[in-house]
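*Asks:* Sequence below, structure please.
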Amino acid sequence: MAHFSLAFELQRDCIELFDWPLCKVLLMNDRQFPWFILVPKIADVTEFVDLTEQEQQTYWQESILLSHKIKAQFMPDKLNIAALGNMVPQLHIHHIARYKTDLAWPAPVWGKCPAVAYSSDEIELIRLKMA
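*Replies:* Alright, predicted model coming up:
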């Protein structure tokens, strides 16, 4: 059986916040957008349909939980949720808090602005807020 490891791009661009039963919860290291990513801790999974039915249910439950936490803590105008995988084939779902005042609104956030990294204090505050 293959061993799970986080895709290089996700390791490079994200901060690992914590682990839930199925997924790693990541924070994109860009303070311009509250941007979280859920990655199931299962090796060689690229599509949602590659998960078992139970894993699919757990993935959706964790996605819904993360969505509620983002809405409660960040109060966005819109919550963007997407699983594209064109650049990073490892299965992952983006959860991005969007505001009508953010730098990319109303366009997608990808590639709009250079990332601005979080400070260690900001990361810890988010970790506490989202726990």
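*Asks:* quick one: the helices in the chain?
*Replies:* With DSSP state H as the definition, the chain shows helices at residue ranges 8-13, 53-74, 120-130.
*Asks:* pretty sure residue 41 is in contact with residue 2, am I right?
*Replies:* No. Counting by Cβ atoms under 8 Å, residue 41 does not reach residue 2; the two are 12.0 Å apart. C-beta: built from backbone N, CA, C; applies to glycine.
*Asks:* More neighbours: which of the two?
*Replies:* Comparing residue 41 with residue 2 by other Cβ atoms under 10 Å, the one with more neighbours is residue 41, at 14 against 8.
*Asks:* so who does that one touch?
*Replies:* By Cβ atoms under 8 Å, 6 or more residues apart in numbering, the contact set of residue 41 is 4, 19, 22, 23, 24.
*Asks:* Quick check: the first one vs residue 40, distance?
*Replies:* When you say that, I think you mean residue 4. Residue 4 is 8 Å from residue 40, where distance means Cβ to Cβ, to the nearest Å.
*Asks:* what's the answer for the last one, then?
*Replies:* For residue 24, the distance to residue 40 equals 8 Å [Cβ to Cβ].
*Asks:* same deal with the third one?
*Replies:* Taking Cβ to Cβ as the measure, residue 22 falls 5 Å from residue 40.
*Asks:* And the residue nearest the centre of the protein?
*Replies:* The centre of the chain sits closest to residue 37, judged by Cα atoms, centre = their mean, with a distance of 1.1 Å.
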